[in-house]
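Chemist: Here is the input, now give the coordinates:
(2 chains)
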There are 2 protein chains.
Amino acid sequence: MTVRKPTMADVARHAGVSLKTVSRVVNQEPHVSASVQQRVHAAISALGFRRNEAASRLARGATMLTIGLIMENISNEFYSRLAAAVEAAAGEHEALVVFGSYEERPERERMLVESMYGRGVDSLIIVPSAADHGWLAEHPGLTTVFVDRVPAGLDRADVVALDDVRGGLVATEHLLARGHRRIALISDDDGLSSVHDRADGYRAALRAAGAAVDESLVVRGVFDPWRAGHEVARLLSRPDPPTAFFATNNRAAIGILQALRERPERPAYVGFDDFALADVFNPGVTVVRYDVRRLARSAVDLLLSSSPEPRRVRVPVELVARGSGELPPP
Amino acid sequence: MTVRKPTMADVARHAGVSLKTVSRVVNQEPHVSASVQQRVHAAISALGFRRNEAASRLARGATMLTIGLIMENISNEFYSRLAAAVEAAAGEHEALVVFGSYEERPERERMLVESMYGRGVDSLIIVPSAADHGWLAEHPGLTTVFVDRVPAGLDRADVVALDDVRGGLVATEHLLARGHRRIALISDDDGLSSVHDRADGYRAALRAAGAAVDESLVVRGVFDPWRAGHEVARLLSRPDPPTAFFATNNRAAIGILQALRERPERPAYVGFDDFALADVFNPGVTVVRYDVRRLARSAVDLLLSSSPEPRRVRVPVELVARGSGELPPP
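Modeler: Numbers count the residues shown, from 1 in each chain, chains lettered A, B, ... in the order given. Reported below is the predicted structural model:
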């Protein structure tokens, strides 16, 4: 529980004036008597009301703040949990959330930004595609915070990301500590900063342990469980198969899970991103997890405050051992 | 790929008039000369432009259509899949989707409706709570379609629901056909029409098979997997335990799955609502499923068309056998 911040409505009640009047005073509009101005300022001081971007937007017109949330696909568990968390964080500022899924199509991502902007939604939280985002500089009226990934082609972006390098590091160290040396990496688009950083952590852990990085065990471009399962089966069928896997997202981990249902081998594996049923399988799925609410809240906080300098927030990650990551090599 | 439908802008280009003029003609507003009216009508015929509610809204103002989607909680898989499907169906009409989760709090559901309405979002798709919705009649400017459940207290609502009675019937018949007679029902709020109807189907199937409906095997008020698991453990510990379960939603089915991990018994069970990993467990989870895109598309279609009479759409359901529902009694 956090203490609720005073809102403009609280100020209005305290000063005994309408919300509209508070808005006029805050925005220094004309036609407010000096005595009313004084009452409103006194209420603002008494309550510790901090005029921020959200309040200023609320004050600017009849339309209250609406935050646009642009993601790959809301039906994936990572995104639906993020959406719920963004909604909760936005709700504390009385803001609504409009969402859009671009489904791996960068041109649709851009269309969504422009469609939202065209409807007056000028505060956006974007989980960006791997495409260049330089075109966003053409929208100086937009306030944008990027989540999970650093956008390509934008120098001065505000970004809230996970500690991805560390996630890759701890996942791989965990497998190394059980005696694994041949650890395969199943990952998606290496052009995404998150995927790239997780792979960096993986390589750093292997190097630190004196284990060779075998590039033939590094698989990229896996976007769905089916493809991940296919790659797992292919690698396990080699004469020198890996004894463990690190999956850089939940879809890849689920693909490993599905593939192993049909295979005799019992390799260890660790996934990145927790998912609802990860602890119901036997063995449970060991994952790198994080607080998605913290990711969402940080994004909303950056969106509603301003800074002359671009900001980077790193949300910590932790390893949760459930069984699949603790299996020994054969 | 579908052929793009002609828009009002196409009509305007074809007729050589402004969008505003097309809008005036389509909405039968005054001050348009007979010859211009004729040109616009000719363009409409030539292009096969169909005036619908969406077009009429688009014509009414600068703001394009935004659909409000109000649900219990977007992070639940049923709702996140519904949200993705509503977004896709809305996108065909160039509409954006703003969403809100009320999390079992009817007062928050009402607040979300009013908050959206206050921002000009007057087209809503609501998965209603069990509370009375008579207050919605106070918003004559709202166009609302209810999904999944018939709202209490509203006579003339447009509703898109599943064939819930049939779902309860086929699930229970499936278990009866494997020789089960003591079949427990794990359900949530019986005040929801969907839950009520699924239970009706369950009872009808038992009666038709000449099996008694044992009310001590009917559990209501289960809102999360943990509670479902608790009830399953309780029922299985009885001297006369059930040999099978029917879960009226995905949370209850997942609770059964979790509870059985810790139990020696192997009761059969069937869930309502498919979920991503249902086929990865051993045995796979037998479910009653349906096409969520059809649910969403029907809702958007009703929202964008009008009728003097309230409409009811029933989306069909089917049973998918995966193993858990085919286990025999001990």
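Chemist: what number of residues lie near the closest residue to A:Leu65 other than its chain neighbours?
Modeler: Counting by Cβ to Cβ, 6 or more residues apart in numbering or on different chains, A:Leu65 lies nearest to A:Ala95, which is 4.0 Å off, once chain neighbours are set aside. C-betas here are computed from N, CA, C, even on glycine. Residues near A:Ala95, counting by other Cβ atoms under 10 Å in any protein chain shown, number 22.
Chemist: Torsion angles phi and psi at A:Ala95?
Modeler: The phi/psi pair for A:Ala95 (degrees, to the nearest 10) reads phi -100, psi 150.
Chemist: go on, the one 3 residues further on?
Modeler: A:Val98 has phi and psi values of phi -110, psi 140 when expressed as degrees, to the nearest 10.
Chemist: what about it, how many residues close to it?
Modeler: By other Cβ under 10 Å, 24 other residues sit near A:Val98.
Chemist: Model confidence score at it, please.
Modeler: In this model, A:Val98 is scored at 94, pLDDT.
Chemist: Tell me the bridge partners for it.
Modeler: For A:Val98, the beta-bridge partners are A:Gly68, B:Val98 (DSSP bridges).
Chemist: Quick one: the helices in the stretch 151-300 of chain A, in order.
Modeler: For the stretch 151-300 of chain A, the helices defined by DSSP state H, counting those that start in this stretch cover A:164-177, A:193-208, A:225-236, A:250-261, A:292-304.
Chemist: and the angle for the third one with helix A:250-261?
Modeler: Okay, so that is helix A:225-236. Counting by axes from the mean of the first three to the mean of the last three Cα atoms, to 10 degrees, helix A:225-236 lies at 50 degrees to helix A:250-261.
Chemist: can you tell me if helix A:225-236 touches chain B.
Modeler: No: applying Cβ under 8 Å from any Cβ of the partner chain, one finds helix A:225-236 separated from chain B by no less than 8.6 Å.
Chemist: Mind listing what's buried along that helix?
Modeler: A:225, A:227-229, A:231-232, A:235-236 (16 or more other Cβ atoms under 10 Å in any protein chain shown).
Chemist: which residues does the closest residue to A:Leu257 other than its chain neighbours contact?
Modeler: Closest residue in space to A:Leu257, ignoring its immediate chain neighbours: B:Val280 at 5.8 Å, by Cβ to Cβ, 6+ apart. Going by Cβ atoms under 8 Å, 6 or more residues apart in numbering or on different chains, B:Val280 touches A:254, A:257-258, A:261, A:281.
Chemist: who in the stretch 201-330 of chain A is up against chain B?
Modeler: Taking Cβ under 8 Å from any Cβ as the contact definition, the stretch 201-330 of chain A meets chain B at A:254, A:257-258, A:261, A:276-277, A:280-282.
Chemist: give me that answer again for 6 Å
Modeler: Applying Cβ under 6 Å from any Cβ of the partner chain, we find that the stretch 201-330 of chain A lies next to chain B at A:257-258, A:277, A:280.
Chemist: which of those tops the neighbour count?
Modeler: Ranked by neighbour count under the definition other Cβ under 10 Å, these are headed by A:Leu257 with 25 neighbours.
Chemist: what pLDDT does that one get?
Modeler: In the prediction, the pLDDT value recorded for A:Leu257 is 94.
Chemist: likewise the one 5 residues further on?
Modeler: Each residue has a pLDDT score; the one for A:Glu262 is 89.
Chemist: and it, how far is that from chain B?
Modeler: When distance is defined by Cβ to the nearest Cβ, to the nearest Å, A:Glu262 is 11 Å away from chain B.
Chemist: A:His31 too?
Modeler: 24 Å.
Chemist: nearest spatial neighbour of that residue, skipping sequence neighbours?
Modeler: Leaving aside its sequence neighbours, A:His31 sits nearest to A:Arg24 (Cβ to Cβ, 6+ apart; 7.1 Å).
Chemist: So what's the residue count around that neighbour?
Modeler: Neighbourhood size, A:Arg24 [other Cβ under 10 Å]: 19.
Chemist: My read is that it contacts A:Val32, right?
Modeler: Yes: applying Cβ atoms under 6 Å, one finds A:Arg24 in contact with A:Val32, separated by 5.1 Å.
Chemist: CA-only coordinates of the helix or strand that A:Ala85 is a member of, as PDB, when you get a sec.
Modeler: For A:Ala85, the element it lies in under DSSP states H and E is helix A:77-91. Taking Å, rounded to 0.1, in the frame of the first residue of the first chain, the C-alpha atoms of helix A:77-91 are listed here in PDB:
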ATOM      1  CA  GLU A  77       1.200 -13.700 -21.200                       C
ATOM      2  CA  PHE A  78       4.200 -11.300 -20.800                       C
ATOM      3  CA  TYR A  79       2.100  -8.500 -22.500                       C
ATOM      4  CA  SER A  80      -1.200  -9.200 -20.800                       C
ATOM      5  CA  ARG A  81       0.500  -9.100 -17.400                       C
ATOM      6  CA  LEU A  82       2.300  -5.900 -18.500                       C
ATOM      7  CA  ALA A  83      -1.000  -4.400 -19.700                       C
ATOM      8  CA  ALA A  84      -2.800  -5.200 -16.400                       C
ATOM      9  CA  ALA A  85       0.100  -3.600 -14.500                       C
ATOM     10  CA  VAL A  86       0.200  -0.500 -16.700                       C
ATOM     11  CA  GLU A  87      -3.600  -0.200 -16.200                       C
ATOM     12  CA  ALA A  88      -3.200  -0.400 -12.400                       C
ATOM     13  CA  ALA A  89      -0.300   2.200 -12.400                       C
ATOM     14  CA  ALA A  90      -2.200   4.500 -14.800                       C
ATOM     15  CA  GLY A  91      -5.300   4.200 -12.700                       C
END
